[in-house]
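1. from the sequence below, what's the structure:
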Amino acid sequence: MHQGNELTRAPEVFAIKPSTGLSPCAKLLGTVPHRLLPLLLAAVSVCVAETPLSVNLRSNLPSPQPVGTPIGFTSLPSAVGPASRDNFVFQYSVSVNGGPFHIVHDFSQQYAFAWTPDLFEQDLTIRVKVRDDDAKTSAQAEMPFKFVSRIKGKSPAITPTAHPLVALFSAPPCPQGSQFRVAFHAEGDEAITRTLAQPCRGSISSNAYVAGMRPDTEYRIRSEVISGEKVTPGEYLPFHTGMLDGEFPPVEIAVPKASKDGSESVIIFSAASMGTRVRSFATDLQGRVIWYLRSSDFLTRVLPGGHFLALADGQNSVNNTHEEQVLKEIDLAGNIVRETNIGRVAEQLESRGIHSDCQKSGRECVSGFHHEAIRLPNGHTLAVSGIERMMPTGTQGSKMPVDILGDLIIDLDEDFQVTAVWNGFDHQDLNRKSIYDAKCRTGGGGCPAVLLADEANGWTHTNSIAYIPSSGDLVISQPEQNWILKIDWKDGKGSGKVLWRLGKDGDFKAESSDPNPWFAYQHDAGFEPLGSNLLTLVDDGDTSGRDAKAVVRGQVWKLDEDKHIATLIYNAPLGVHTFCCGSIQALKSGGFSTVAGASMPLRGRTAETDKDGKVVLAIDIVGNIDYRSFRVEDMYSAPIK
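-> Take a look at the predicted model:
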């Protein structure tokens, strides 16, 4: 039935109240006796099939809006009949100033989407595409939207954002060929923080998010224009940050730092929990909060310029699973830059021989993202997802058919579209089961969703990816195997073959004075510095805590890949146990920042060790897991790995 018709019930019949614009099919329905209601519903289905799908795109605010304003978009599909919204999936893409469209939200059952464009004046075209996956029909709609300058006259402006610790600084246009940045400091502090320099755009304003400020504190903020070696500062303007909501864990300094070294003075904690809501956040080296992620998404990596990659619960394009379905890029203010979901990724993997059917009768399922997503130099993103396969009796010693949970590494382009994939099932020995006989269920133990059976064998549990720029290959960590693998990736064009396995019973001989040099349940493996043969990782030791000597260690291995000799050149124990998680990062001082993610009583520890392996700083987040942490100069910087 067309919109405007009403289905009313008389004592004996359901009748269609006529209105203008009835289709020929709807006119045939007329008045149908109540006893023939099944025929009526069938006739309505026929009408639905013959009526073209359309979609109405609406925004919560009118155009134009000032630069930096978040806009909410809602798409309402229209068709005859009682179609369920579950049938529809929606994709949003954006064209800037008449340029090509880029996807910012790929096909998903989520029909509403909030988005903020880059911080400059622009004319956008917002496009939504809607698919009816039952009727196999589609439609699209477009909306123009304009963003205008916040500058009135020649004076800069500071605007609060939806984030109480992030301000939007706007300055008048500066000459093309120059650069613009923002300098800020707390009132009474001498230390000045600066945003990254960005090119001046000539005739349009310059804008930047100001982040890394303590709550409820008075700040001074100004613009700086750089022309060659000359820096022209503007006048300082005042800004008072907002208050926190209190939903933060206690931060304790377990080992205070004795030196006055001010480098890498910000710690960004990728916080996790055991069933409660928690957000990633940043502190200074005194443990004072200076930023947080507004959502409780799982932060995987920090990107240069104040962006972050994160995994999140949410809707996908194919089923009703919510756990770890979404991959996002987020900015400092908490706005989504772009996002996709595992269902949409699985649709694209179909042409690559991976046939995802995520139900109990299925044989293979791409079930969810987990643990890792990194940004590549070419702008692509690599993400880890789980892949389940139902295997016959006897696989990994099973006494009945068994669900095996392995891993995919998925290469996504700048629009989060699949360009390549590595499948562990194609390149690893399926007979080598988890060293720890791990079992996975949906929502448990850091596993992605498990959908083919109630329980799956947690086979590999890939928890980190590191990219090797010189060869385009990858290093991945698989703690359930106690191995680091090097993959013949070649920027997605390699064979996918495992080139070597580092760890006990792997391909390398260990050289070390330590009687137990090999790592267990390791995390965050990668070469530092880039291009070197020095591989850093965190050894989680005995995650059960039964071996008092098997504490968390930050390790550096010098690899001779030709002779397959691994020399342990740095082995720094943190003095605590952990049951999961961890990261390691080389510091400018010559030492390392290492994470013991989950000690008991529950706390995550970030520790700095000096070049001799001595702990010189330790900061605990109490009651939370510290999956990873990142030591950076400011909120605009990013580590090497």
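2. low pLDDT regions in the protein?
-> 1-50, 79-86, 545 (pLDDT under 70).
3. I'd guess Gly446 is in a strand, am I close?
-> No: Gly446 sits outside any strand when classified using DSSP: H, G, I helix; E, B strand; the rest coil, being coil.
4. check contacts around it.
-> Neighbouring residues of Gly446 by CB atoms under 8 Å, 6 or more residues apart in numbering: 370-371, 461, 463, 580. C-beta coordinates here come from the backbone N, C-alpha and C atoms, glycine included.
5. which SSE is Ala373 in?
-> strand 364-375 (DSSP states H and E).
6. if we can go back for a sec, which one of the contacts of Gly446 is nearest Ser477?
-> Asn463 (5.3 Å; CB to CB).
7. test my guess that that closest one contacts Ser477.
-> Yes: in this structure, Asn463 is within contact of Ser477 by CB atoms under 8 Å, at 5.3 Å.
8. that older thread, which pair of the contacts of Gly446 spans the longest distance?
-> His370 and Cys580 (12.9 Å).
9. returning to what we had before: can the contacts of Gly446 go into JSON lines with extra columns for distance to Ala171 and neighbour count?
-> Below are the contacts of Gly446 laid out as JSON lines (distance: CB to CB, whole Å; neighbours: other CB atoms under 10 Å):
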{"residue": "His370", "distance to Ala171": "42", "neighbour count": "26"}
{"residue": "His371", "distance to Ala171": "40", "neighbour count": "27"}
{"residue": "His461", "distance to Ala171": "48", "neighbour count": "26"}
{"residue": "Asn463", "distance to Ala171": "43", "neighbour count": "27"}
{"residue": "Cys580", "distance to Ala171": "45", "neighbour count": "19"}
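10. could those go into TSV alongside distance to Pro401?
-> Converted to TSV, the contacts of Gly446 look like this (distance: CB to CB, whole Å):
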residue	distance to Pro401
His370	24
His371	27
His461	21
Asn463	27
Cys580	29
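11. ok, so of the residues you listed, who is nearest Gly153?
-> For these, the nearest to Gly153 is His371 (50.2 Å; CB to CB).
12. give the closest residue to that closest one in space, chain neighbours not counted.
-> Excluding the flanking residues, the one nearest His371 by CB to CB, 6 or more residues apart in numbering is Asn463, at 4.5 Å.
13. the stretch 401-550 of the chain: strands as residue ranges?
-> 402-412, 418-423, 439-440, 456-458, 464-468, 473-478, 483-487, 498-502, 509-511, 523-527, 534-539 (DSSP state E, counting those that start in this stretch).
14. centre of the chain to the strand holding Ala373, how far?
-> 10 Å (CA atoms, centre = their mean, to the nearest Å).
15. over to stretch 599-608?
-> Worked out by CA atoms, centre = their mean, stretch 599-608 lies 23 Å from the chain centre.
16. one more: stretch 205-224?
-> Worked out by CA atoms, centre = their mean, stretch 205-224 lies 25 Å from the chain centre.
17. okay, how far is it across it, tip to tip?
-> Using CA to CA, to the nearest Å, the end-to-end distance of stretch 205-224 comes to 13 Å.
18. do stretch 388-400 as well
-> The first and last residues of stretch 388-400 sit 16 Å apart, counting by CA to CA.
19. switch to numbering from 105
-> Understood, numbering begins at 105; the last thing we discussed is stretch 492-504.
20. run through who's touching it.
-> Outside stretch 492-504, the residues that reach it (CB under 8 Å, 6+ apart) are 462, 466-469, 471, 505-510, 529, 534-535, 537, 554-557, 560-561, 563.
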